[in-house]
Structure formats: C-alpha cells, structure tokens
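1. coords please:
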Amino acid sequence: QVPLVETGGGLVQAGASLRLSCTASTRWAYVMAWFRQAPGKEREFVAAITYSGGTTRYADSVKGRFTISRDNAKNVMYLQMDRLKPEDTAVYYCAADPRLVTILNGAGHYWGQGTQVTVSA
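-> Next comes the predicted model:
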C-alpha cells in the first residue's frame, strides 16, 4: 500500500489557485512536507508542517502565496497555492518524516508518487 498519495494537481493560468492534498495510509505523528521538482532541476523543498501544526516552514519562493495545513483526524495534509506563477510548474511530492531537520535537509522517510502542477503564462 502506497503510504502517501497526492491529488489536486492540474493545469491553470498564472494568478490562479490550486489546492493539493496528500493522504496518508495511516496516522503518523510525523512532520509532513511538500517538495517539487521542475523539469531539468533538482528537487526542492516547498513547505513543511509538524504534527501539531504549530510549526510551519516555507521556501522563500512561495512564502506569502502558499499555505500548508493538515487534518490529522483525516490523515490529510494540504497545500493551498495562490497567485500561481509559471515558475511554480513542477511535479509536487509529499513526504513524511519523524524529524523536521531531516525534511529541511531535503530527505524524508516516506514519499508519494507526485502530482503535476502546470501554470501557463
């Protein structure tokens, strides 16, 4: 069973909004995060949230436009993406790990298979 499944990607115009969801197969008291990888580029960190939701982290490139949240009762994490830009085009992956520092170092114990987000100019 795939531990993490992302949904919600799609094709939108610049300035539009999308909400990504990441559903976990079980309830983990893990840090959860979003990463993305654009064609020809390295995977990069986007946002992370602790289990309690009390701590969040964002990449500078998305700060003020993206919001990460989670609903532990439903085992779901979200990424609300507003004012999308063409440079946000990428495959978005969710990840989970017991430690925030591991996530911020670009790693994670569990990964989803990704969902494509394409933003046209």
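2. at which residues are the helices of this structure located?
-> Ranges of helices in the chain, per DSSP state H, are 100-104.
3. any idea how far Trp111 is from Ala73?
-> Computed as CB to CB, to the nearest Å, the Trp111 to Ala73 distance reads 23 Å. Every residue, glycine included, has its C-beta placed from N, CA and C.
4. mind listing what Arg99 touches?
-> Under the criterion of CB atoms under 8 Å, 6 or more residues apart in numbering, the contact list for Arg99 reads Val31.
5. what bridges to the closest residue in space to Glu6 that isn't next to it in sequence?
-> If the residues on either side of it in the chain are set aside, Glu6 comes closest to Thr115, at 4.1 Å by CB to CB, 6 or more residues apart in numbering. Beta-bridge partners for Thr115, by DSSP bridges, are Tyr92.
6. what's the burial count for Thr115?
-> Thr115 sits with 22 neighbouring residues when counted by other CB atoms under 10 Å.
7. one more: Ala121?
-> 8.
8. was I right to think it contacts Ala16?
-> No: here Ala121 does not reach Ala16: they are 11.8 Å apart, not a contact under CB atoms under 8 Å.
9. one step back: who has more neighbours, Trp111 and Ala73?
-> It is Trp111, of Trp111 and Ala73, that has more neighbours when counted by other CB under 10 Å, with 18 against 7.
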